[in-house]
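K.L.:
Based on what follows, work out the 3D shape:
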Amino acid sequence: MSKIISIVEVVAYKHAWKEEYRQIKEHLLAHVGDLVLACEHVGSTSVEGLAAKPIIDLDLVMESYDQLPEIILRLQQIGYVHEGTLGIEGREAFRRETAGAFMNHHLYVCPKDGKGYLEHIAFRDYLRANREACRQYGELKQRLAEQYRTDRTAYGEAKTAFINSILNMDDLS
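P.N.:
Model prediction:
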């Protein structure tokens, strides 16, 4: 059996990503809005001017894990499969069973005080406020996408030191 090769593609920022996020958010909130506190656009597509893989990252924020069983049930009804934490504390990952009408996206459900959610927001907000860090991260991502063109895992791991350098800053706010 041959392995399907997934290409790492990093492209220039596209303003259309804001609208794509808005459409996905509206769809999700129509089904789980009464169970969550917010829907946040996170990841590189949420930072204006930042090169990114053309995949929208969204965090649905819940008060606590008490809401998770009902959220899982409702998301299943609209084509999402719960994948667990995928090794990241404080977030639950979901994938679409079918491509659907929306742009490729990663969906996470996170408690409001969960590490995964808090780190997504802190990193996003830092890059939005610090253009030089945003430029450096974009250049790093483009270099790594060329270097690890057919290895998404290595690409992701190679970004970790930069991400952690931002998240571990004492004055991050």
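
K.L.:
quick one, what contacts the one residue sitting closest to the centre of the chain?
P.N.:
Geometric centre of the chain, nearest residue: residue 57, 2.9 Å, by Cα atoms, centre = their mean. Residues in contact with residue 57 (Cβ atoms under 8 Å, 6 or more residues apart in numbering) are 41, 42, 43, 44, 45, 46, 105, 106, 108, 120. C-betas here are computed from N, CA, C, even on glycine.

K.L.:
Apart from its chain neighbours, what residue comes closest to the first one?
P.N.:
Beyond its immediate neighbours in the sequence, the residue positioned closest to residue 41 (Cβ to Cβ, 6 or more residues apart in numbering) is residue 21, lying 4.4 Å away.

K.L.:
pretty sure residue 107 is touching residue 100, no?
P.N.:
No. Assessed by Cβ atoms under 8 Å, residue 107 is found out of contact with residue 100, at 11.7 Å.

K.L.:
more neighbours, the two?
P.N.:
Between residue 107 and residue 100, counted using other Cβ atoms under 10 Å, the more crowded position is residue 107 (22 against 14).

K.L.:
if I pick that one, what's in contact with it?
P.N.:
Residue 107 neighbours (Cβ under 8 Å, 6+ apart): 28, 58, 60, 75, 80, 93, 94, 95, 96.
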